[in-house]
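>>> need a structure here:
(chains A and B)
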Amino acid sequence: MSGIRIRNEWLERHQFATRILIVAAIAVFLLLLVAARMFYLQVVHHSYYVTLAEGNRLRSEPVTPPRGLIYDRNGVLLAGNRPSYELDIIPEQVADMQETIAALSKIVDIRPEDLKQFNELVKTKKPFQPLPIRTNLSDAEVARFAVDRQDFPGVDIRATLARYYPLGVLTAHVVGYTGIISPDELATLDPAQYNNTSQVGKVGIEGAYESLLHGSVGTRQVETDAQGRVVRVVSYTPPVPGSNLYLSIDVHLQEVAQQALGEYNGAVVAIDPRNGEVLALVSTPSYDPNEFVGGISPSEYARLNNDPNQPLFDRALRGQYPPGSTIKPFLALAALNYGVMNPFKDLMCPGYLYLPSNPNPYRDWKRGGHGEIDMPNAITQSCDVYFYTVSLKLGIDRIHQYLTTQLGFGEPTGIDLMGERDGVVPSPAWKRKTLHQPWYLGDLVIVGIGQGYLLVTPLQLADGVAAISMHGERFVPHLLRAVGNPMSGIIHDVAPRALPQVQESYPNAWNIIVNAMKNVVATWEGTAHGIGVGARYSIGGKTGTAQVHRKRLGTFGEEDESDIPKALRDNALFIAFAPVMDPRIAVAVVVEHGGGGASTAAPIARKVMDAYLLKQNTGKVVTP
Amino acid sequence: MTFSELSFMPARGEMTFGERLLRRLNLDGPLLVAVLILALIGLAILYGASNQDASMVYRQAMRLALSFLVLLGVAQISPQFLRLWSPWLFALGLLLLLFTLHSGHIGRGAQRWLSLGIVRVQPSEIMKIAVPMMVAWFLHDRPLPPNWKLLLPLAAIVFVPVLLVAIEPDLGTALLILSAGAFGVFLAGLRWRVILLLVVILAVIAPLLWHFMHAYQRERVLVFLNPQRDPLGAGYHIIQSQIAIGSGGLFGKGWLHGSQSQLDFLPESSTDFIYAVLGEQFGLIGAIVLLALYAFIIGRALLISLRAQDTYSRLLGGALSMALFTYVFINSGMVSGILPVVGVPLPLISYGGSSLVTLMAGFGILMSIHSHRKLVAS
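As a prediction, this is how the structure comes out:
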């Protein structure tokens, strides 16, 4: 056995040595092949490749396209481009960089962050490329530099196009802004389209329609000398400018809504219920988007970010509020659909409702109660006890089912802006998952009056009331109304996107609810009768007053709001549409800590509807 | 007739200080010096290839230093220990590879990375070493040359990881793993008629392989056959690379003086196409000096394998040496236009860290095989 092993060992060694020789020979042969190939390229065809290398001096450079313009529905400019001057330094043409920058800072304002950005660029770019040390020079700075230009070899002023927002604060949350491309964004953008641009749409329409607004870059074939400097331009393919966008927003309405909100924090959303076009989208307070163009200063950004009123926060899309009583018409529709209530059968409202096993009553906002009351009157007078009962009869599963699948609560509406929030339509599964708690009957009862875990965005409310006004016909809310090609002048309309009809099995349900909402404004018992005075059109509405502080639960309407510190006051809500028979506008108003829905929110909605319906524009897209 | 008579190391009493240090650290002097020279040359070329980006050179130097520590560490592990652990490393590599395919990080369109807390590992890199180790482990106790029955398990050891890496898709690494495994089997004495048969089978299934290739991989082959097919797209690399090399001439344009590499005409100039930068700046002389240095390292590594005393060390050492050759040949062949473009870096020269660690670990194994000879009784 071992003898055989030793013989094998010797044979194996011998064989291994042979194989090593073979692979070594293969390696030597193939490496010589590479060497021969190098000889062929570098010696035999050397002059041929030298000629080709010389020819490589033709280089193509990208030319940035002008960004598309943004207009409102009447052709008012919301975002435009204006010439802006930047100060460029060509590092290799400057003898002493320190000295030059020191001299420059005497005539133009060079902030530490400008210097930091410039030094970063110096490291990554080539020494013959002009690099910006300051952007957005003022006219005075341009003039001062022009006088001393001869003292600064290698420094020059370059005109570029910068974004600006003529209406600034008024349309900030709709239009958004462009800003310096961040490294994260750079990774997702097509480098061929963006390597000559420093700006990209960040939020709002600017962010959502970046691909339309950007256009596509042109190219410039340039001849360079041996160091890579441009000697002359050989050919030029112009860039394709970005598309112009025409929004459904009406800046006049926007202004009215913003002024009506005044000093309050809140949101107003107005939608054309016939097609889902968003007419106004206001969130207060707002900010000046022009600050962001070309990079906002860190201190300014910190100021905006730390402001307790959160001006950067778009309440219309991202604010999640308890809907309060504004949810009642939606729950009534659910109750009718599932056949759990007879709308014309009276229910006794003694001013409170007791649940078994709970000694504390659920109170009605009206002390002493509404007495015998049916569904339309319960909406008109906003009877809490009636809707506690509606909730109990529907049960959370059917409420969840109807509000989410039929009316679009609890999920994004699909508006063409980024960052929209879902809101919350609670369910036992949701509560278990997020709060790790079981579902209680008490959770269900207060859903009936839009309290508890139920949260909606102002946009969802406006979208929902638009659906009611159209008797269940729904559209995806959208801002983009038409896209214009700046080269051909052709404007393409964006078609509204219809959603499936809201399911409703009770024969006359829509008329019952719409009429009840009309009576909210039109009758003396209506909770918002005050705002109907003098209106030249009919209004359907529903008030809501939502408690934001747990401490005050169960004290509905027992105190005078003006006695309460502002931060503890209720949120005021109002949803409305008009005219009732032929709706052209649906509005949702949310006023944070505004007190009562009827007193604070409803008048704002009236102003917006007046502005739209009484000074109704033709609605045609106007080309500039 | 003992192999220790062939030893090229003097007896303990006659050693100089340097020799004693090398002995202590289990290192082979010539191999060590050649690797260090190569690494230094690499840093100099990188400086010229990256538009004099000192921070890039610094990062690469750090990586070299770290992976050199790996070399030192691996050199201390005896081949027997490596042999015992071979199947486990192979199994781990296979598991990680499967896991990467399932949930790996997608970089540049391919799933290659696996995030393990703070470190990201590329399981395909482990396989470059684990596959030849497994082949050597499998053949260690068996009479050589391998008979027919062993072919199937050997094929599985080599082709399962190769296919898994190829579908990531990382064709370059798959080729390197294949070459390491295949050279191991070849060195074990695979009979010529079997080799002939394998070549015939390959010729038959080549059209099938073509069918399974990604579109970009097919395009690379087509463009290789005719670069003018797409001069500004896929053919651009090949054309620009050859212009850079050809315009370098016999002596080159001088360090930091290549217009092709300095003016950004040459893509991937600091990674896969760095050999073209060398060709442009140092000419044919530089290109051949570098090839000669590689030839020396490969030759030294083969010599170490030849002198090894057990089957496992011989096969593993030989396979790793020839894997290094494959690296050099595929890269220089692709850059000079005699092979299609495959993503294989130039070992120790190209910018990048993941393959560096594997390479240095491979050198460490060779050092270990060299210095542990006497401990292995024949």
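
>>> now do the same for the closest residue to residue B:160 other than its chain neighbours: its pLDDT.
In space, residue B:160 comes closest to residue B:94 once its chain neighbours are excluded; the distance is 7.1 Å by Cβ to Cβ, 6 or more residues apart in numbering or on different chains. (Glycine included, C-beta is placed from N, CA and C.) At residue B:94, the model reports a pLDDT of 92.

>>> could you give the number of residues near residue B:94?
Burial measure for residue B:94: 20 neighbouring residues, criterion other Cβ atoms under 10 Å in any protein chain shown.

>>> any chance you could map the strands in the stretch 201-350 of chain A?
Using DSSP state E, counting those that start in this stretch, the strands of the stretch 201-350 of chain A run over residues A:218-224, A:230-237, A:244-247, A:266-272, A:277-284, A:347-349.

>>> and the residue nearest to residue B:160, what does it touch?
By Cβ atoms under 8 Å, 6 or more residues apart in numbering or on different chains, the contact list for residue B:94 reads B:127, B:160-161, B:164.

>>> so how do I select the buried members of the residues you listed in PyMOL?
Buried members of the contacts of residue B:94 can be picked out in PyMOL with the line below, counting by 16 or more other Cβ atoms under 10 Å in any protein chain shown:
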select buried, chain B and resi 127+161+164
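
>>> which of the contacts of residue B:94 lies closest to residue A:602?
residue B:164 (67.0 Å; Cβ to Cβ).

>>> what's the weakest-modelled helix or strand in the chain?
Using chain A. Least confident helix or strand, chain A: strand A:58-63 with a mean of 70, by mean pLDDT, DSSP states H and E.

>>> correction: the question concerned chain B.
That would be, for chain B by mean pLDDT, DSSP H and E, strand B:105-107 at a mean of 49.

>>> got any ranges where chain B has weak pLDDT?
Counting by pLDDT under 70, chain B shows low-confidence ranges at B:1-14, B:103-121, B:220, B:223-235, B:259-265, B:374-378.

>>> residue A:328 reaches residue A:379, doesn't it?
Yes - contact status for residue A:328 versus residue A:379: in contact at 5.6 Å, counting by Cβ atoms under 8 Å.

>>> which residues do these two both contact?
In the contact map built from Cβ under 8 Å, 6+ apart, the residues linked to both residue A:328 and residue A:379 are residue A:542.

>>> returning to that earlier point: quick one, phi/psi of the residue nearest to residue B:160?
Reported as degrees, to the nearest 10, the phi and psi values for residue B:94 are phi -70, psi -40.

>>> got it, and the one 5 residues further on?
Dihedral pair for residue B:99: phi -70, psi -40, per degrees, to the nearest 10.

>>> what's the spacing between it and residue B:358?
19 Å (Cβ to Cβ, to the nearest Å).

>>> what about these two, which has more around it?
Legend: neighbour count by other Cβ under 10 Å for residue B:99 and residue B:358, higher for residue B:358 (22 against 13).

>>> low-confidence regions, chain A specifically.
Where chain A drops to pLDDT under 70, the residues are A:1-8, A:55-60, A:124-128, A:183, A:195-196, A:223-231, A:549-567, A:616-624.

>>> which positions in it make contact with chain B?
A:8-9, A:12, A:15-17, A:19-20, A:23-24, A:27-28, A:30-31, A:33-35, A:37-39, A:41-43, A:45-46, A:48-50, A:52-53, A:56, A:59, A:123, A:126, A:224, A:226, A:228 (Cβ under 8 Å from any Cβ of the partner chain).

>>> generate a PyMOL selection restricted to the buried entries among the residues you listed.
This is how PyMOL selects the buried members of the residues of chain A next to chain B, with burial counted by 16+ other Cβ under 10 Å:
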select buried, chain A and resi 9+12+15+16+19+20+23+24+27+30+31+34+35+37+38+41+42+45+46+49+50+52+53+56+59+224+228
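
>>> ok, back up a step: now the element after the least confident helix or strand of chain A, going C-ward?
Per DSSP states H and E, the first helix or strand lying C-terminal to strand A:58-63 is strand A:70-71.

>>> and that following strand, what other elements does it pack with?
Packing partners of strand A:70-71 (3 or more Cβ pairs under 8 Å, 6 or more residues apart in numbering or on different chains; DSSP states H and E): strand A:77-89, strand A:244-247.

>>> chain center to that strand: distance?
Offset of strand A:70-71 from its chain centre (Cα atoms, centre = their mean, to the nearest Å): 16 Å.

>>> in chain A, what residue comes closest to chain B?
Nearest residue of chain A to chain B (Cβ to the nearest Cβ) works out as residue A:49 at 2.6 Å.

>>> give the contact list for that residue.
Here residue A:49 is in contact with A:41, B:242-243, B:245-247 (Cβ under 8 Å, 6+ apart).

>>> I'd like the residues you listed laid out as JSON lines, including distance to residue A:435.
Below are the contacts of residue A:49 laid out as JSON lines (distance: Cβ to Cβ, whole Å):
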{"residue": "A:41", "distance to residue A:435": "71"}
{"residue": "B:242", "distance to residue A:435": "66"}
{"residue": "B:243", "distance to residue A:435": "67"}
{"residue": "B:245", "distance to residue A:435": "67"}
{"residue": "B:246", "distance to residue A:435": "71"}
{"residue": "B:247", "distance to residue A:435": "70"}
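
>>> in helices only, show me those.
B:242-243, B:245-247 (DSSP state H).

>>> near chain A too, which of those residues?
Here is what survives when the ones in helices among the contacts of residue A:49 are matched to chain A using Cβ under 8 Å from any Cβ: B:242-243, B:245-247.

>>> for whichever strand or helix holds residue B:366, C-alpha coordinates in PDB please.
Residue B:366 is part of helix B:354-371, with elements assigned from DSSP H and E. Taking C-alpha atoms only, helix B:354-371 is exported to PDB below (Å, rounded to 0.1, in the frame of the first residue of the first chain):
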ATOM      1  CA  SER B 354     -12.100  44.900  -3.400                       C
ATOM      2  CA  SER B 355      -9.900  42.800  -5.700                       C
ATOM      3  CA  LEU B 356      -6.800  44.100  -4.000                       C
ATOM      4  CA  VAL B 357      -7.500  42.300  -0.800                       C
ATOM      5  CA  THR B 358      -8.100  39.000  -2.600                       C
ATOM      6  CA  LEU B 359      -4.900  39.500  -4.600                       C
ATOM      7  CA  MET B 360      -2.800  40.100  -1.500                       C
ATOM      8  CA  ALA B 361      -4.400  37.200   0.300                       C
ATOM      9  CA  GLY B 362      -3.400  35.100  -2.700                       C
ATOM     10  CA  PHE B 363       0.200  36.300  -2.400                       C
ATOM     11  CA  GLY B 364       0.000  35.500   1.300                       C
ATOM     12  CA  ILE B 365      -1.000  31.900   0.600                       C
ATOM     13  CA  LEU B 366       2.000  31.600  -1.800                       C
ATOM     14  CA  MET B 367       4.200  33.000   0.900                       C
ATOM     15  CA  SER B 368       2.800  30.500   3.400                       C
ATOM     16  CA  ILE B 369       3.400  27.600   0.900                       C
ATOM     17  CA  HIS B 370       6.900  28.800   0.400                       C
ATOM     18  CA  SER B 371       7.800  29.100   4.100                       C
END
